[in-house]
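Trainee: Below are the sequence and a predicted model for it; my questions follow.
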Amino acid sequence: MHTQRSAVTTSSRLLVVLFLLVAPALGGSNCQPYEAEGDLDAQSSGDRTREGSVEVSLNTTIVDNVSTVRLDKTDWKYFVVPAPGVIEIVVSFDNSRAYGEMVVTDQVGQIISTFADEKKHLLDRVTFKANAGQFYLQFWVNSEQSDYSVQINYTAL
């Protein structure tokens, strides 16, 4: 019994040592994400992060583009709800091969809704009740490029 315990302890120590030796090479020691393909947002403007998000006016439609080809994979937008009301977001990607996605979050980052274009439909509608505050939209594609349109409708309660 003592021999088995010793073998397990030695094996565990060996695994820990191997992990400590290999982790820095994989980016594990400095907690940086590993991106084999490079920075797919290298040519993006400031709206590639939440902090650089661009305001979208309520009850209007905007059209923009995201592209892995042009290294502008991600866009962030935000909108401000002036008082409690109902928000309806209509989003459409024009290229189903790009697998466009959208996430709606509140001001603290809590996810309200998601949309993933899986070649089944190119248009989605999200409706929710919202208190006054700032909300964020993140758009991205998983390949190729796509124009997208988004309309944010607001009706006061």
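Mentor: Yes, it's here.

Trainee: Could you pull out the strands in this protein for me?
Mentor: Along the chain, the segments classed as strands by DSSP state E run 54-55, 60-67, 74-81, 85-93, 101-105, 111-116, 123-130, 133-140, 145-156.

Trainee: Let me have those strands in CSV, extended by mean pLDDT.
Mentor: Shown next, in CSV, are the strands of the chain (pLDDT from 0 to 100):
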stretch, mean pLDDT
strand 54-55, 92
strand 60-67, 94
strand 74-81, 95
strand 85-93, 94
strand 101-105, 93
strand 111-116, 86
strand 123-130, 88
strand 133-140, 95
strand 145-156, 95
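
Trainee: count of residues packed around V126?
Mentor: By other Cβ atoms under 10 Å, the residues close to V126 number 17. (Each C-beta comes from the backbone N, C-alpha and C, glycine too.)

Trainee: The one 10 residues further on now?
Mentor: One way to gauge burial is a neighbour count; for Y136, by other Cβ under 10 Å, it gives 17.

Trainee: how is the chain carved up into domains?
Mentor: Split into domains by automatic domain parsing, the chain comes to 1-34, 46-156.

Trainee: and F139, bridged to which residues?
Mentor: D75, M102 (DSSP bridges).
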